[in-house]
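Novice: build the 3D model from these lines:
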Amino acid sequence: MRKYWIFNICFVTLCSSCLGITSTLRTVSGVVTDSSGNPLIGATVMLSGTQMGAMTDREGAFVISDIPIGYYTIVAQMVGMSTETRELDLSSFVNPYLSFSLEPAGYSSGPPRIKIEI
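Specialist: Alright, predicted model coming up:
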């Protein structure tokens, strides 16, 4: 009888580990592109309020691993491009794949010029 219980405990533990039921960490992956669909190399993707983030590779891909289950704001940004934010719920079993498309940021050639006539 004791062997039967030990077998059941081992079996349930093994099955729950394989299914990810006991895992409390998630992985977020995805891609960052420009408005034309070209990959953005070196864009940063961060979980706001944490030290977790990643930089995109030459395909514009990123992976952030070992994220505790919870609600996050994820921010994708790059110098000279717009910033895109999304709300992220990591309480489900699925490790999300996200796509960000950043637009060129408006720029200024200097301070505004005001002409005053007297």
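
Novice: contact partners for the residue nearest to the spatial centre of the chain?
Specialist: Of all residues in the chain, the one closest to the mean position by Cα atoms, centre = their mean is residue 28, 4.8 Å from it. By Cβ atoms under 8 Å, 6 or more residues apart in numbering, residue 28 lies in contact with 47, 63, 64, 67, 74, 88, 90, 95, 96, 98. Heads up, the C-betas are built off the backbone N, CA and C, glycines and all.

Novice: just the pLDDT at the first one, thanks.
Specialist: Here the pLDDT value assigned to residue 47 is 97.

Novice: re earlier: from the contacts of residue 28, which land in helices?
Specialist: Using DSSP state H, no member of the contacts of residue 28 sits in helices.

Novice: hang on, the earlier thing: sec struct for the residue nearest to the centre of the chain, please.
Specialist: Assigned by DSSP: H, G, I helix; E, B strand; the rest coil, the conformation of residue 28 is strand.

Novice: contact partners for residue 105?
Specialist: By Cβ under 8 Å, 6+ apart, residue 105 lies in contact with 80, 81, 82.

Novice: backbone dihedrals for the first one, both of them.
Specialist: As for residue 80, its main-chain torsions (degrees, to the nearest 10) stand at phi 80, psi 0.

Novice: so residue 87 makes contact with residue 75?
Specialist: No: the criterion here is Cβ atoms under 8 Å, and residue 87 misses it with residue 75 at 11.0 Å.

Novice: give me the element residue 76 is part of.
Specialist: In the assignment (DSSP states H and E), residue 76 maps to strand 71-77.

Novice: nice, that's everything, thank you.
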